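[1] For reference, the sequence and a predicted model appear below.
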Amino acid sequence: MRKLFWLTALLGALWLWSCSAEPTDSQASSSVPPTAETTGVPMIAVTTPDSDPTPTVSIDTDLPDTDPGDHSQATETIPNTTVTNAPVTTVPTPITTPDPVTTAKPTTTTKKPVTTTKPATTTKPVTTTKPVTTDPEPAKGTPISVRYVVNDSKGGYLTGTTVQNVRYGETTSTVVKASANLGYKFVGWSDGEGEVFRSGDCPQENSVYTAIFEYDALELPIVSITTATGGDVTSKTEYIGGTIAITNCDAQYVLEEMDMEIRGRGNFSWNTPKKSYRVKLSKKQNLLGQGNGKAKSWTLIANHCDQSLIRNYITLNYARKLGNISFMSSATSVDLYLNGEYRGVYLLCEQNQVHEDRVNIPENPESLLTGYLIEMSNYAAENVFHAGGRAYETKNDLSTNGDLYNQQQAFIANIVQQCWDAVQRGNRSEIEKLLDIPSVVDTYIAEELFKNKDDGWDSFYMYYDATVSGEVLHFGPIWDFDLSGGNADEGCDNPEGLWAGVSGQMQDNGWFCTLMRYNWFRKMVAERWNELKSETDKIPGDILAEAKAGFNAYSRNFEKWKIFGQRINLEPPQVTALRYYTAH
């Protein structure tokens with residue numbers, strides 16, 4: 001019986017050892033050995049202290065808190081194959097039952113969902129491109145068509161034979177060259193080739209290679225306008241629809257494609273090849289962050305009569321510093337593309353209009369007591385009235401009711417006439433009751449400083465707020481200085497003496513010529529001039545700084561418009577003698 005007992009104990013120990021050393025199929029599927037948590041029963045931990053060669057056996061009755069699937073918590077102390085000593089017969093007989101061990105199989109099923117991620121990591125769909133690379137090579141002499149095209153005909157063109165037939169293994173394509181149009185640059189071919197010249201193509205199948213062109217962005221922001229018709233802007237009275245976008249600027253000022261309407265603008269300039277435009281956006285914007293606020297109406301000024309392109313820019317930015325003119329348009333130079341065609345450098349400005357962030361006066365078309373923005377102009381054609389022997393045009397909306405419209409026109413004509421009569425009489429106190437003298441003085445200084453040919457001809461603005469008791473007539477905003485700074489003859493090209501305040505010119509400004517007769521007004525001008533001298537002294541430096549900052553863009557404009565040496569409007573000989581942008 002004792003032999004049978006020891007034999008039974010020995011067989012039990014061997015069975016227990018075999019279970020630890022050779023895991024079942026379900027156990028083999030995981031690198032994590034069974035634990036109390038996976039089996040549901042206490043596990044046996046076998047340790048062999050250094051001081052005692054005899055193994056000791058203990059039962060772990062505390063289930064671990066860690067996830068049985070967490071490999072970082074796994075140990076390898078269970079399958080200890082060094083346990084061969086017979087005293088392991090102290091193991092309780094309940095552990096020898098195989099049922100609890102086999103119940104560990106359900107835990108292995110939790111591993112299967114993990115293996116289902118393999119299809120996501122397989123790259124087999126990518127290998128479907130192999131048939132392309134493993135297509136049988138064409139037979140020698142097989143005819144193959146090779147075509148060369150451009151991504152945009154406005155951007156560039158190709159020279160050479162653009163449709164060629166080659167024979168595989170026998171001939172290759174001849175030279176084709178990609179050339180960019182003005183305002184564009186070549187950036188490469190659709191297959192990655194970067195040279196403008198290409199030849200030697202002989203693909204295995206009929207192929208098309210596209211020359212890619214994009215805007216040649218220089219120093220200035222790019223304004224891109226596309227009309228709905230795809231055609232040019234031909235009217236300065238009728239708007240046509242389209243879109244506008246602004247790029248090549250700080251990210252905060254980029255304008256994604258937006259709906260807008262566009263028409264022509266200007267008087268003399270409308271008859272030049274390079275035309276000016278007025279744009280009305282579908283939504284208020286502060287373009288390039290340069291305006292006094294968001295608005296829909298903006299202008300693009302061509303400056304075709306100014307071969308420096310910056311007379312208006314310098315004047316408008318100077319006038320914004322004067323302080324006594326309540327609104328002055330901002331101005332910044334941009335490159336304009338119209339329907340993909342490079343049109344040259346334009347000046348982006350705010351529209352002179354009644355608006356809360358521009359000429360901030362009321363605009364109530366159905367009331368006599370409203371705001372009035374007016375322009376003295378020899379081109380006056382709509383909403384015209386006369387005062388002081390000159391033609392004026394009301395620029396804000398008036399009533400559609402004929403009687404009220406006539407009353408509004410008579411009302412503002414009477415205001416201007418009263419002011420004119422007071423100036424002619426010369427009584428200072430009377431004049432100051434009717435005119436905003438600080439705005440008159442600042443406007444005069446700007447017109448005189450730059451010797452503006454148009455100061456008595458056109459674009460001379462005033463405004464009046466009829467809703468204010470005791471209101472006065474204000475001068476400004478100033479506008480249209482392309483024929484200033486020596487860029488027109490008839491005397492205003494002479495750097496010596498006065499111009500705007502001296503009568504006897506072809507079309508002088510009677511307001512200034514009369515006021516400059518009075519000592520009190522001349523004294524006010526002198527005092528204000530001295531206050532502004534620090535700003536006026538900066539003008540030569542501002543001219544050079546702007547010309548340098550946009551030099552490449554300004555120079556390119558005259559590759560488009562080859563007008564150096566030409567008399568476009570009233571340019572004097574000393575201007576037409578200049579044949580390079582740096583000279584201007």
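    Good, I have the coordinates. Numbering: from 1, shown residues only.
[2] got the contact list for Pro365?
    Neighbour list for Pro365: Asn396, Asp397, Leu398, Ser399, Thr400 [criterion: CB atoms under 8 Å, 6 or more residues apart in numbering]. C-beta: built from backbone N, CA, C; applies to glycine.
[3] should've said Gln407
    With contact taken as CB under 8 Å, 6+ apart, Gln407 is in contact with Leu368.
[4] Could you say which helix or strand holds it?
    Using DSSP states H and E, Gln407 maps to helix 402-425.
[5] now the very next helix or strand once past that helix, how far from the centre of its chain.
    Beyond helix 402-425 in the direction of the C-terminus, DSSP H and E gives the next helix or strand as helix 428-434. Its chain's C-alpha centre and that of helix 428-434 lie 49 Å apart, by CA atoms, centre = their mean, to the nearest Å.
[6] Next: stretch 192-211.
    Its chain's C-alpha centre and that of stretch 192-211 lie 33 Å apart, by CA atoms, centre = their mean.
[7] can you pull the alpha-carbon coordinates of it into CSV?
    Once non-C-alpha atoms are left out, stretch 192-211 reads as follows in CSV (Å, rounded to 0.1, in the frame of the first residue of the first chain):
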residue,chain,number,x,y,z
GLY,A,192,7.5,65.6,-62.2
GLU,A,193,10.0,66.8,-64.8
GLY,A,194,11.1,70.3,-64.1
GLU,A,195,12.9,71.6,-67.2
VAL,A,196,11.2,73.9,-69.7
PHE,A,197,12.7,71.9,-72.5
ARG,A,198,11.8,68.3,-72.9
SER,A,199,12.4,65.6,-75.4
GLY,A,200,13.3,61.9,-75.7
ASP,A,201,9.9,60.7,-74.4
CYS,A,202,8.8,57.2,-75.5
PRO,A,203,6.3,55.8,-73.0
GLN,A,204,4.8,52.3,-73.2
GLU,A,205,1.4,53.7,-74.0
ASN,A,206,-0.4,56.8,-75.4
SER,A,207,0.5,59.6,-72.9
VAL,A,208,-0.3,63.3,-72.2
TYR,A,209,2.2,65.6,-70.4
THR,A,210,0.9,68.9,-69.0
ALA,A,211,3.0,72.0,-68.5
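[8] Quick one: mean pLDDT over it.
    Here stretch 192-211 scores 97 as its mean pLDDT.
[9] Enumerate the positions of stretch 273-289 that are buried.
    By neighbour count on 16 or more other CB atoms under 10 Å, the buried set for stretch 273-289 is Lys274, Lys275, Ser276, Tyr277, Arg278, Val279, Lys280, Leu281, Gln285, Asn286, Leu287, Leu288.
[10] Stretch 304-322 spans what distance, first to last residue?
    Taking CA to CA, to the nearest Å, stretch 304-322 runs 27 Å from one end to the other.
[11] tell me which of the contacts of Pro365 is nearest to Glu382?
    For those, the residue nearest Glu382 by CB to CB is Leu398; the value is 9.9 Å.
[12] Dump the buried residues of stretch 273-289 to CSV, plus pLDDT and secondary structure.
    As requested, the buried residues of stretch 273-289 are exported to CSV (pLDDT from 0 to 100; DSSP: H, G, I helix; E, B strand; the rest coil):
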residue, pLDDT, secondary structure
Lys274, 96, coil
Lys275, 96, coil
Ser276, 97, strand
Tyr277, 97, strand
Arg278, 97, strand
Val279, 98, strand
Lys280, 98, strand
Leu281, 98, strand
Gln285, 97, strand
Asn286, 97, coil
Leu287, 98, helix
Leu288, 97, helix
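[13] Check these and tell me the two furthest apart.
    In these, two members sit farther apart than any others by CB to CB. They are Lys274 and Asn286, at 26.3 Å.
[14] tell me the contacts of the residue nearest to Tyr518 when sequence neighbours are not counted?
    Excluding its sequence neighbours, the residue lying closest to Tyr518 (CB to CB, 6 or more residues apart in numbering) is Gly426, at 5.6 Å. Taking CB under 8 Å, 6+ apart, we find Gly426 in contact with Thr514, Arg517, Tyr518.
[15] now the first one, what's its secondary structure?
    Spelled out, that is Thr514. With DSSP: H, G, I helix; E, B strand; the rest coil as the basis, Thr514 sits in helix.
[16] so what's it up against?
    Val423, Gln424, Gly426.
[17] what's the answer for the second one, then?
    By CB under 8 Å, 6+ apart, the contact list for Arg517 reads Gly426.
[18] Spit out the contact partners of Ala331.
    Contacts of Ala331 by CB under 8 Å, 6+ apart are Gln290, Asn312, Tyr313, Leu316, Asn317, Leu347, Leu348, Cys349.
[19] And the helix or strand hosting the fifth one, what does it pack against?
    Counting by DSSP H and E, the element that carries Asn317 is helix 311-319. The elements that helix 311-319 packs onto, with contact taken as 3 or more CB pairs under 8 Å, 6 or more residues apart in numbering; DSSP states H and E, are strand 331-338, strand 341-350, helix 437-449, helix 539-549.
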